Structure formats: C-alpha cells, structure tokens
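>>> starting from these lines, generate the structure:
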Amino acid sequence: MNLPIETLRGLACLLLVFYHVIGADAGFGLGVQDGALRWLNDGLVYLRMPLFTFLSGLVYGLRPLAGDSRAFLLGKARRLLIPMLVVGTLFAILQTVTRGASALLGPWYLIHLLPVAHYWFVESLFWVFVLVWAMERLDFIAAPAGFGLVLTLTCALYLTVRGPHWLGIEGTIYLLPYFLVGLAVSRFSLRTFLTSSSARMVLALLAVGAVLLMGLPVPNPDRRTVLMLVAGVSLCLILVSWGFAFAPLARVGRYSFSIYLFHVFFTAFARLALTQLKVDELLIHILLGLVLGVVGPIALEWLVSRYRWPALLLLGRSAGRSVGAGVRSDTAATAY
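Predicted structure coming up:
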C-alpha cells in the first residue's frame, strides 16, 4: 500500500461524504443554505472530483496497460460498469420509493443512458480508461512531447466542448485532463520536482489566484473554465507534493470505491432516522452522516467480499478480494 496516495484517497472520500451530507442545494442532503458550512461545501468543488480523478490517473501510471487489451478492457467493464448498473439501479429504486429521499431521476427507460446521480463518475471514468487504452496502443502518450500534446488537446476540449450527457460523455471530457495530469506525475517521475519549494510556491500562487479570481464560492459553479481547471490541477499537485501520510485516513482510502458507491445510502439513512427521532441539532446530523457514510460502506465491503455473486455485482470483483482480508485490492492496483 502506498500510504501517501491512500491518505489522499481517504481525504477525497471525506470530502465527498461531507458534500452529500451538507447537500448541494435545498433539495439535497441537509440542504444547508448559508453560513460557513455552505461556503465550505461550495468551495471544495475545486478539489473533490478533480482529486478523485487525479489519483485514479496517478495510480494507473504505477501499473499501466501491460499489453493484454482484452483483459484490461473487460476488467474495467467488470470493475466499473457492473457496480454502476447494479448499485445505481438500486439507488434509483430506493429514491423512488423512499419518502423524504432527495434526488431527482430522469425517465426510467433512459436509466444509465443518462447517468444516475453521482454514478456518472463511474460511467465517465470507464470511458476515460477506454480512451487512455486507445492512446497507449497508438503510442501517443509514452513520451513527454506526445503526452503534452494530448494533454493540451484534452484541456482545449474541456474548455470548449460540453459534450452530451448521454452515457457520461460530458463527464468524460470533464475528467480527462485531471486523469492525465495524475498519470503524468507517475509516468514521468514528477514528484521529485513537485517537492521543490519553488514548484510549491508557484502552484500555491496559481491555486490561490484562480480561486480569488473566481470570487466567493457559489453553488454548482461552471466547472469547465480555465480558472476552475487551474485551481483543481494546482491543488491536486500541491497535495501530492506534500507526501502526507496518515494511517487512519489511508485505511479509509483503501475502501474508496466502496465508499463512493454506497455512502449515499448510509448518509440518507442517518438523515431520515434522525428526522424521525426529531433530532434537529445540525452538528449531530453532520457527525452521524459522516461516520455512517464512511463506516457503513467499509462494513458492507467486508461482508459482500466473502460471497461470489454479491462481490461481483456490488463491487465488480471476485469473492475473497476484500481489502480488509489482506488481499491486494483492485483499487490499490488499478485505480478502479
């Protein structure tokens, strides 16, 4: 296990769970509308999904495509698309039948053709891996010059083409630059350079400057701008340059895929249960939502990993590959 990388994954998990506990707006989560929590939740948009994607690229670079295209693509389809279809559909059903649930769903006959809630990331990440596979086979990103050209083109696409929401294509365009930057860090051994004081200073100035120019955080800002891209990339590079390692957070990071898939079930349960108990204290709602949103998916992974079909359908992997059981996880090896 790479302790600093898993620590950052743990951080990304906490940011994501916190986001869904607080809620994007009045119709989601706790629906906090103003104050420091609203400001913080909106401001973390610069980091949340960029960090998840950046780390996926970074980890892929540590164990890239090794020549077996069929195994690579089928492995990604199994690991990403099966849980997306099963867990995403289960989420949609529960949202439909549960009173007090807070997500809007499109027509059922378009489910997953139009991504379901936050599962758009899993669908979009699959297409990112497909594109990276194609570029690897064509030898476009093996050398710095070619890699730089591809990264430049993907950034231009990010800024100019929204792309269709269908099948997560819009999300793929959004994620690809962050994934490639993460891949570049590991492929071209950039971490040594990033640890220099001058590099950190430049990155900090870029991040702070971009955030200040964007102004105060607002709900659901346009993520496809130069300033948003600069802020996201700079913050990710600063975090990886620190090499910070914290074992408890790293242990959370080892379950990042399960937390991403399942945390919303547990945060919603916490919110609805406390509401039924007439508990109005915001701090209790936040703390319980965070704890259950992290611990619940970890416990679920421990349980389902022991059984063949639940492990495949819910986690996209073979039985017995539980992280906690001491077996190297797919997430640690192949960035999902």
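>>> for L30, grab phi and psi.
Per-residue torsions, L30: phi -80, psi -10 (degrees, to the nearest 10).
>>> what's the closest non-adjacent residue to it?
Excluding the flanking residues, the one nearest L30 by CB to CB, 6 or more residues apart in numbering is G23, at 5.2 Å. For glycine as for every other residue, the C-beta is placed from the backbone atoms N, C-alpha and C.
>>> once you drop chain neighbours, what's closest to V226?
Excluding its sequence neighbours, the residue lying closest to V226 (CB to CB, 6+ apart) is L159, at 6.4 Å.
>>> which SSE is the one you found in?
Secondary structure assignment for L159, by DSSP states H and E: helix 144-160.
>>> could you do I5 as well?
Short version, using DSSP H and E: I5 is in helix 3-22.
>>> what's that helix packed up against?
helix 36-43, helix 48-62, helix 226-242, helix 247-253, helix 256-276, helix 282-304 (3 or more CB pairs under 8 Å, 6 or more residues apart in numbering; DSSP states H and E).
>>> was I right to think A231 contacts A210?
Yes: contact between A231 and A210 holds when scored by CB atoms under 8 Å: they sit 3.9 Å apart.
>>> buried stuff in stretch 284-304?
Within stretch 284-304, the residues that qualify as buried are 285-286, 288-290, 292-294, 296-301, 304, counting by 16 or more other CB atoms under 10 Å.
>>> ditto for stretch 172-189
172-187.
>>> and which of the residues you listed is nearest to M135?
Nearest to M135, judged by CB to CB, of the buried residues of stretch 172-189 is L180 at 9.2 Å.
>>> next up, the contacts around that closest one.
By CB atoms under 8 Å, 6 or more residues apart in numbering, L180 lies in contact with G57, I141, F147, V150, L151, T154.
>>> and the residue nearest the centre of the chain, how far is that from T267?
In the chain, the residue lying closest to the centroid (CA atoms, centre = their mean) is F52, at 3.7 Å. Taking CB to CB, to the nearest Å as the measure, F52 falls 17 Å from T267.
>>> what do you get for V208?
Counting by CB to CB, the gap from V208 to T267 is 31 Å.
>>> with neighbour numbers in mind, choose between these two.
Neighbour count, other CB atoms under 10 Å: between V208 and T267, T267 has more, with 29 against 13.
>>> check contacts around the more buried one.
With contact taken as CB under 8 Å, 6+ apart, T267 is in contact with V17, H20, V21, G29, G289, L292, G293.
>>> give me the phi and psi for the residue sitting furthest away from the middle of the chain.
The outermost residue of the chain, judged against the average C-alpha position, is K278 (32.8 Å), by CA atoms, centre = their mean. Dihedral pair for K278: phi 60, psi 40, per degrees, to the nearest 10.
>>> how about the buried residues of stretch 172-189, which pair is most distant?
For the buried residues of stretch 172-189, the farthest-apart pair by CB to CB is I173 and S186; their separation is 22.4 Å.
>>> how far away is the closest residue to V45 other than its chain neighbours from M201?
Excluding its sequence neighbours, the residue lying closest to V45 (CB to CB, 6+ apart) is P221, at 6.3 Å. Plainly put, P221 is 26 Å away from M201 if you go by CB to CB.
>>> in terms of neighbours, single out the busier of those two.
Taking neighbours as other CB under 10 Å, P221 and M201 compare with P221 leading, 16 against 10.
>>> quick check, the more buried one in a helix?
No: counting by DSSP: H, G, I helix; E, B strand; the rest coil, P221 is not part of a helix but coil.
>>> surely it meets M214?
Yes: contact criterion CB under 8 Å: P221 and M214 qualify, at 7.2 Å.
>>> mind listing the shared neighbours of these two?
Joint contacts of P221 and M214 (CB under 8 Å, 6+ apart) are M228.
>>> thinking again about what came up before, beyond the helix holding L159, next helix or strand please.
Sequence order places helix 169-187 as the next helix or strand after helix 144-160, per DSSP H and E.
>>> pLDDT (mean, whole number) over that following helix?
In this model, helix 169-187 has a mean pLDDT of 97.
>>> for the residue nearest to the centre of the chain, give me the pLDDT.
Looking at F52, its pLDDT is 95.
>>> gap between it and R251?
Going from F52 to R251 by CB to CB gives 18 Å.
>>> ditto for L303
17 Å.
>>> surely the residue nearest to V226 touches M228?
No: between L159 and M228 there is no contact under CB under 8 Å: 9.6 Å.
>>> so between these two, which is more surrounded?
Taking other CB under 10 Å, L159 and M228 do not tie; M228 has more neighbours (21 against 14).
>>> would you agree W127 is in contact with I169?
Yes: under the criterion of CB under 8 Å, W127 makes contact with I169 at 6.8 Å.
>>> residue ranges in this structure under the pLDDT threshold?
Along the chain, segments meeting pLDDT under 70 span 1, 25-28, 99-106, 319-336.
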